[in-house]
Structure formats: structure tokens, C-alpha cells
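A.B. asks: Here you go, sequence then predicted model.
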Amino acid sequence: MDKLIIWYGELISGQKLLKRGLFFLVPGMLWLILFLVLPGLILVLVSFAGRGDYGNLVWEFSFDNYTRLIGYGLFGWTLDYVYILLRSVWVAVVTTGLSVLLSYPLCFYIARKPLRTRYLWLTVVIIPFWTNMVIRAYAWFLILAPELPFAKLAAFLKLIPPGAPLYPSALAVYLGMISMFLPFVALPLFSSVERLDWTLVEAAQDLYASNFRIFMHAILPQTLPGLSVGIILTIVPAMGMFVVPDLLGGAKYMLVGNLIQQQFGASRDYAFGAAISMALMILTLFSLYMYKRKNKGIDLI
Amino acid sequence: MKKINLLLGISAFSTMAFLYLPLMAVAFFSVNDSKYGLEWKGFTLDWYTKLFENELILHAAWNTLVLALVSTLVSTFLGTILAIGMDRFPWPRKMNAAFDMIMHLPVIIPDIIFAAAMVVAFGFLRTLAPVFDPGLLNMIIAHITFQTAFVALVVRSRLAGIGKEIEEAARDLYADTTYMLMKVTLPLLTPGIVAGAMLAFTLSLDDFVISFFTAGPDSITLPLYIYAAVRRVVTPQIHALSTLVLLVTIILVICMERITRRVNKK
């Protein structure tokens, strides 16, 4: 006999409930397993395969792709790929840090507006958030062109030769990345800032705390939930960013996203591309893990 | 305190300028009557009218719309029933943890890795059936995949917010499963489903990387078209096209705000 249970006010046998549950669960889960989990696992496998003469996959399992990634190639040992990986992490960290730095004043400014204008301001921040990345990267491409004031100013200061654009350069990549991810930090942060308990700030002021200490002890802990969502939302996609470094950095400031795209595009070396993807995935998981560990500490305090 | 307020204002305004200056430059040059270079030669709307004569751009716009609509419809359906299936049944704790992990994969995995996995997977499927040549079908499948996870996350949080009491009441009044689903659960869930669908739609319009990896020669979307044009040579038509896409985005964002506020009020 199948046992009867009460579930959501209904007396039902476990088997019947299981059947109904599977009916709801299976279509979506099956889709995700077929097109998300399986391709992911295949990608892991492919990272151990080799490349044939015509860019086809050769199923000889080895660690060649990984040794190539850390620098052992046909022409001796170079750190080019490791350097690109480290640079991607660095760019992601700097982008996140500067976005946070710019987001705080912006959020406080918006939070102090009266209700009506506050939503208007918020919409103004949301619009770039939803504007297509390609268009925003291209807008930077346009504004850094040699005919426009920014490049002219740089040329006047003898930073670049006259008549040259400001791209491709590290500066252009940073400008593009920060403008791309700033709304990702600002929007979650705002939801925390809006709910800030100002009495704590007043209490700190009454106790003659310096502005710095007011921020560290009365504001930062309260805004931490929004801030952490913003940081996660930024640092993960920023590490794998492809459009911005491609349009604004070119070969001068390559990031891991471009390297992966190259393997799947021009070089047609799927196996090596898969190996680089694995490296990026490990870096992503590592940063999520570090972040989680660090946050636990903060929670305990 | 006044000094701090002033600093806040200056900082906020310069940040906004930093976000909007490039976009405004694009809009500015889209009405510039000069085919080459960036010198101001007078106002014109020619570049906009020419957009509607350009077969390639019209085709790309059509592709973008078909991709977004079809993938949103399918993923909203899949994501909604997936959320109900996960939240409303007593799965063992380990299974729940596994579901949770699968659903969060598209949030954790960088786009480009998902795109690479899609390329490899479709490469295998292609050897089984030629339907899986790079093209619109592949793009739709890829978009549905990440959208489904996002829709399910949004709908599930709404389901958890509803609680179980109302459904129990329906059962006490002898509602059968279908009746309860149609008359109780789904109407209560509507705000969540609408929010999920809107998120899915905008994610699809916003996507570049996944489309870029899975597109074929016939399935160019607007972002892909703009990207290709920027790599070759920038024409004023591209300024106009980008401005138009930006305007559509602004309208969509404002509509979205209105809808979410109205739905939340209900």
C-alpha cells in the first residue's frame, strides 16, 4: 500500500504526487539538462581533445591544451596566455572597484531626491543598463575618434600623435568597461541605500565620528547586501567580457574573452578554446568562493 | 553638510555625463548631413529614411524580433511550469539542491563560456541532423536555455511569496488540480510571470555574445549587424540605427517600469 499524505490540503498518495510533480518539472529540467548541463560537460571533455589539420576535433586525450595555456609551446616557454588571464582578472577587479566608487555618491544623491524625481533618476540609470552592449561600446568608439575633443586634447598634451584616435588602448577599455558595468553596481546598491537607517548616521555624528568613520561604521555595513549583489553581478561578466576589449582594446589590450573568441573564430581550435574557457570558469568560481568566504567573516562580525 | 551635498551632486552629475555623453554623441552625429568624417554639416533625417530602404537592416530587425518573441514565449512557459514543479512538490533535499544549482548556472557562467559550450554541442548535433547548422534555430534554442533559468528564478521567488494557505483553501473547497492551477495559482502568479517574461525579452534583445557564436549567415540580428559594421567602416546609417535602437530601449524601459508598478499595486 502506498502511504497517503496531506500536501497543500489534499489527501494524496505519494506515487500520484510524484507523477504530478514530474509532469511539471520534466519539460523545463530536461531542456536545461540537454542544452546547458550536457554542453557544459562536453566542453570539459573537448578541452582534453586535440586539433586536426582542418580545425576538426581529434579525440586523443591529453593535457596538451592546458600545458599550452600555461606557456609551453612549439617555440619554447612564454607567459603570454597566463598574462592575458591575469590581466582579465585585474581589469575585472579595477572595473568593479571604480564602479563601486562612482556608485556610492550617485546612489546617495538619488536617494535624497523627493519621490517623484527619484524614480525619474532611477529610470535614467536603468536605461544604459538595458541598452545593448554593442551600441554602448560603439558609442565610446565614436567619442574617442580623432576628430572629437577628447582625442584632440590628448594630442595637444602630447599623449598621442596628432590625428590618432584614443583607441585601441588600455584607457579606452577601462572607460568602456566602467560605463558598461556601473549600472550593474548602482542599481542593487541603490535598493540598500534607499532603506538606510539614517538615525545610525546621526548617532555617529553625535559621537563626533569623522566622515570616514561614519561611512565605515554606520553606512557601509547597512549597504553591504546591495553592494555584494552588485559586485557579483559585475565581476563575473567583467572577467569574460568580449565586446569592449574587442572594439576598444584590439590586439593592444587583449582579454581572455577575445582569446576564447579567437579559438572559436579565426583559429578554429575548439579544443584550446575549451581549455581557456575552463581556466576562465575556474577563475570565476574562485572569485565567487573567495567572496563568499570573505562575506561570511563580515556576517560574523 | 552643505559641502558634502554639493560634492554628491557634482559627482552624480559627472557620472551621469560619463554614461550618457557617448550615447548622445551617437544621436548627434546621426542627424549630421555628412557622409564621411565627423564635421557638422547641417541637420538631416536622410540616414533614418535610408534605414528603411536597406534590405539587410530590415532583415536583421526581423530576425531580432523573431528571436526575442519566440524564445520569450517558449522560455516563459518552460520556466513557469519548472518553477511550480520545483516549489510545489516535496522533493528530497539533495534533489532540490541539484535543481537549484542547475538554475543558477546561467547566472554564474560567463556568457562566453555558455556560447562556447553551445558551439561545441551544436557541432555534435549537426553530425546527427543538418537542421543544427548555425542559424536562427540554434540561436532560439540557446536563448531559450538561459532565459528559462531566469524566468524560473523570478517565478519561484513569487511562488514562495504567495505562501500555501490560499491553495490549501482552494483544496478544502474541493478544487481539482486543473481548476486550482487555472483559477488560483496562475492568477496569483501573473505578476511574477509578466516580470519573468519581460526580463527574458530584454535579455534576448540585449544579448550579443551568444548570438554571435551561434548565428549563421542568414540569421544576423541588429547587434551583430552593428558590430560587423563597426569593424569595417562606420557610416552615418549606423549612427541612425543605434539611435533608433536606443530610443526603442528607452520606450521599453519606461513601459516596463509602468507595468511593474501597476502589477505591484494590484
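C.D. replies: Arrived safely.
A.B. asks: A:L43 - nearest residue in space that isn't next to it in sequence?
C.D. replies: The shortest distance from A:L43 to any residue other than its chain neighbours is 4.3 Å, reached at B:A117 (Cβ to Cβ, 6 or more residues apart in numbering or on different chains). For glycine as for every other residue, the C-beta is placed from the backbone atoms N, C-alpha and C.
A.B. asks: Surely that neighbour touches A:G40?
C.D. replies: Yes - in terms of Cβ atoms under 8 Å, B:A117 counts as a neighbour of A:G40; the distance is 5.2 Å.
A.B. asks: When the two are compared, which one has more neighbours?
C.D. replies: The neighbour count for B:A117 versus A:G40, taken as other Cβ atoms under 10 Å in any protein chain shown, is higher for B:A117 (27 against 20).
A.B. asks: which element is A:G40 on?
C.D. replies: Secondary-structure element containing A:G40, defined by DSSP states H and E: helix A:38-46.
A.B. asks: helices or strands up against that helix?
C.D. replies: Where contact means 3 or more Cβ pairs under 8 Å, 6 or more residues apart in numbering or on different chains; DSSP states H and E, helix A:38-46 is packed against helix A:270-300, helix B:111-128.
A.B. asks: Export the ones you listed as CSV, with columns for mean pLDDT and distance to B:P223.
C.D. replies: What follows is the helices and strands packed on helix A:38-46, written out as CSV (pLDDT from 0 to 100; distance: least, Cβ to Cβ, whole Å):
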stretch, mean pLDDT, distance to B:P223
helix A:270-300, 79, 22
helix B:111-128, 91, 13
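A.B. asks: most tightly surrounded among those helices?
C.D. replies: Comparing the helices and strands packed on helix A:38-46 by mean neighbour count (mean count of other Cβ atoms under 10 Å in any protein chain shown), helix B:111-128 ranks first with a mean of 21.
A.B. asks: name the helices or strands packed onto it?
C.D. replies: Counting contacts by 3+ Cβ pairs under 8 Å, 6+ apart, the secondary-structure elements packed against helix B:111-128 are helix A:38-46, helix A:256-264, helix A:270-300, helix B:136-162, helix B:209-214.
A.B. asks: For A:Y66, which of these is the nearest?
C.D. replies: With Cβ to Cβ, the closest approach to A:Y66 among the helices and strands packed on helix B:111-128 belongs to helix A:270-300: 5.6 Å.
A.B. asks: and the residue nearest the centre of chain A, what helix or strand is that in?
C.D. replies: A centroid search over chain A (Cα atoms, centre = their mean) returns A:P237, at 2.2 Å, as the residue closest to the centre. Assigned by DSSP H and E, A:P237 belongs to helix A:220-239.
A.B. asks: buried ones in that helix?
C.D. replies: Of the residues in helix A:220-239, those with enough neighbours to count as buried (16 or more other Cβ atoms under 10 Å in any protein chain shown) are A:222-223, A:226-239.
A.B. asks: Next: stretch B:53-63.
C.D. replies: Neighbour-count burial for stretch B:53-63 flags B:57, B:60-61, B:63 (criterion: 16+ other Cβ under 10 Å).
A.B. asks: so how far is it from its chain's centroid?
C.D. replies: Between the mean C-alpha location of stretch B:53-63 and the chain-wide mean there is a distance of 20 Å, by Cα atoms, centre = their mean, to the nearest Å.
A.B. asks: which intervals of the stretch 51-200 of chain A have sub-threshold pLDDT?
C.D. replies: Within the stretch 51-200 of chain A, the segments meeting pLDDT under 70 span A:73-76.
A.B. asks: Try it again at 80.
C.D. replies: Counting by pLDDT under 80, the stretch 51-200 of chain A contains low-confidence ranges at A:52-58, A:60, A:71-78, A:158, A:160, A:162-164.
A.B. asks: Could you pull out the helices in it for me?
C.D. replies: Under the criterion DSSP state H, counting those that start in this stretch, the stretch 51-200 of chain A carries helices at the ranges A:64-69, A:80-111, A:115-130, A:133-143, A:149-156, A:170-194, A:198-206.
A.B. asks: Surely A:L106 and B:I10 touch.
C.D. replies: No - counting by Cβ under 8 Å, A:L106 sits too far from B:I10 to count as a contact (11.2 Å).
A.B. asks: Compare the two (neighbour count), which wins?
C.D. replies: Taking A:L106 and B:I10 together and counting by other Cβ under 10 Å, A:L106 has the greater number of neighbours (26 against 12).
A.B. asks: show me what contacts that one?
C.D. replies: The contact partners of A:L106, taken as Cβ atoms under 8 Å, 6 or more residues apart in numbering or on different chains, are A:125, A:186, B:11-12, B:15-16.
A.B. asks: One more pass at 6 Å, please.
C.D. replies: Contacts here follow Cβ atoms under 6 Å, 6 or more residues apart in numbering or on different chains; on that basis A:L106 touches A:186, B:12, B:15.
A.B. asks: Kindly reformat the residues you listed as CSV and extend each row with distance to A:Q15 and neighbour count.
C.D. replies: Shown next, in CSV, are the contacts of A:L106 (distance: Cβ to Cβ, whole Å; neighbours: other Cβ atoms under 10 Å in any protein chain shown):
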residue, distance to A:Q15, neighbour count
A:A186, 51, 27
B:A12, 60, 20
B:T15, 59, 22
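A.B. asks: now the helices and strands packed on helix B:111-128 in JSON lines, with distance to B:T260?
C.D. replies: Formatted as JSON lines, those follow (distance: least, Cβ to Cβ, whole Å):
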{"stretch": "helix A:38-46", "distance to B:T260": "33"}
{"stretch": "helix A:256-264", "distance to B:T260": "32"}
{"stretch": "helix A:270-300", "distance to B:T260": "29"}
{"stretch": "helix B:136-162", "distance to B:T260": "11"}
{"stretch": "helix B:209-214", "distance to B:T260": "26"}
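A.B. asks: Which among the ones you listed is found nearest to B:S34?
C.D. replies: B:S34 sits nearest to helix B:209-214 of all the helices and strands packed on helix B:111-128, at 30.5 Å, using Cβ to Cβ.
A.B. asks: Can you pull the residues of the stretch 51-200 of chain B lying near chain A?
C.D. replies: Residues of the stretch 51-200 of chain B found near chain A (Cβ under 6 Å from any Cβ of the partner chain) are B:78, B:81-82, B:84-85, B:89, B:102, B:105, B:110, B:112-113, B:116-117, B:119-121, B:145, B:148, B:164, B:167-168, B:171-172.
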